[in-house]
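Asker: below are the sequence and a predicted model; questions follow.
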Amino acid sequence: MTNTDRLPILALISGGGSNLQSLIDAVEEGRINAVISAVISNRPSAYGLQRAQIHGIASDVIDHRHYSGRHEFEKALRDRIETYSPALVLMAGFMRVLTEEFVACYEGRLLNIHPSLLPDFRGLHTHNRAIDAGVQVHGCSVHFATSDLDSGPVILQASVSVLPIDDAESLAARVLEKEHIIYPLAVKWFCEGRLRLHQNAAELDGKSLAEPLQLESLNKELL
Ligand code: GRF
């Protein structure tokens, strides 16, 4: 594959960047036909920035604390994103809630990975909440991002059993392993032109996903 036929994608991070790393690995191993044009973090201390630098990927910081408000921050973020003209923007552990105006700019080309089986446990502290709720099965979801937090059309999910000995940390670690599988897979489909947002629903290979796909029951040709 030459760089010319690879889709330019851009990652937004806030922290460790393990999902970013899984995307970097998938691109470098040729599993995703894309080039990661840049990684932008709202936190200067995010280790994900070092991951980008190690892999020769442009990295920027748009520190939300330097702006008077959400709109000013998002204007600066959008201006920086647009310097890279990405075809797809990936929130990968990005911890800022984005306004409707921002999301509308990237409708259909903004994905997010969330550590729960949406629509359950939107928002933060999902692993604690799952354990407190006594659910037997927990997991993660890749979805098109919309202005409602963690509420866009879900594309693909993966599940883990909640074990009696689990605490939030042990459960998070198992969910994270699944995140690192499903996010690159959904991005692969998007970069192959197989996945799109159509009439407010996720569509794969021309078929609208009435329910999210489940990693555990995917047809082989989708892997
Ligand atoms: C992950 O659980 C992700 O789903 C959530 O933040 C956690 C850390 O992500 N949004 P990463 O290691 O920074 O990719």
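Answerer: Looks like it came in fine.
Asker: need the helix or strand of this protein with the lowest average pLDDT.
Answerer: helix 100-105 (a mean of 92; mean pLDDT, DSSP states H and E).
Asker: secondary structure element holding Pro8?
Answerer: strand 7-13 (DSSP states H and E).
Asker: quick one: contacts for the residue of the chain found nearest the ligand?
Answerer: With C-beta to the nearest ligand atom, the shortest gap between the chain and the ligand falls at Gly93, namely 2.5 Å. All C-beta spots, glycine's among them, are computed from the backbone N, C-alpha and C. Applying C-beta atoms under 8 Å, 6 or more residues apart in numbering, we find Gly93 in contact with 13-20, 48, 113.
Asker: which ones among those residues lie within strands?
Answerer: Counted as lying in strands by DSSP state E, out of the contacts of Gly93, are 13, 113.
Asker: which of the contacts of Gly93 are close to the ligand?
Answerer: 13, 15-20, 48, 113 (C-beta under 6 Å from any ligand atom).
Asker: okay if I get these as TSV plus pLDDT and neighbour count?
Answerer: TSV is the format used below for the ones next to the ligand among the contacts of Gly93 (pLDDT from 0 to 100; neighbours: other C-beta atoms under 10 Å):
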residue	pLDDT	neighbour count
Ile13	98	27
Gly15	97	18
Gly16	97	16
Gly17	98	23
Ser18	98	18
Asn19	98	28
Leu20	98	29
Gly48	98	27
Ile113	98	25
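Asker: now do the helix ranked longest in the chain: which elements does it pack against?
Answerer: Counting residues, the longest helix in the chain under DSSP state H turns out to be helix 168-191. Counting contacts by 3 or more C-beta pairs under 8 Å, 6 or more residues apart in numbering; DSSP states H and E, helix 168-191 packs against strand 7-13, helix 18-28, strand 88-91, strand 110-114, helix 126-133, strand 137-144, strand 154-161, strand 195-198.
Asker: His127 and Ser159: what is the separation?
Answerer: Counting by C-beta to C-beta, to the nearest Å, the gap from His127 to Ser159 is 14 Å.
Asker: show me what contacts Pro115?
Answerer: Contacts for Pro115 (C-beta under 8 Å, 6+ apart) come out as 126-127, 140, 172, 175-176, 179.
Asker: between these, which sits nearest Ala87?
Answerer: Glu179 (22.1 Å; C-beta to C-beta).
Asker: per-residue pLDDT, the closest one?
Answerer: With respect to pLDDT, Glu179 scores 98.
Asker: in CSV, list the ones next to the ligand among the contacts of Gly93 along with distance to Gly56.
Answerer: CSV is the format used below for the ones next to the ligand among the contacts of Gly93 (distance: C-beta to C-beta, whole Å):
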residue, distance to Gly56
Ile13, 17
Gly15, 21
Gly16, 19
Gly17, 15
Ser18, 19
Asn19, 19
Leu20, 14
Gly48, 15
Ile113, 23
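Asker: so which bits of this structure are right by the ligand?
Answerer: Residues of the chain lying near the ligand (C-beta under 6 Å from any ligand atom): 13, 15-20, 48, 92-93, 113-115, 176, 179.
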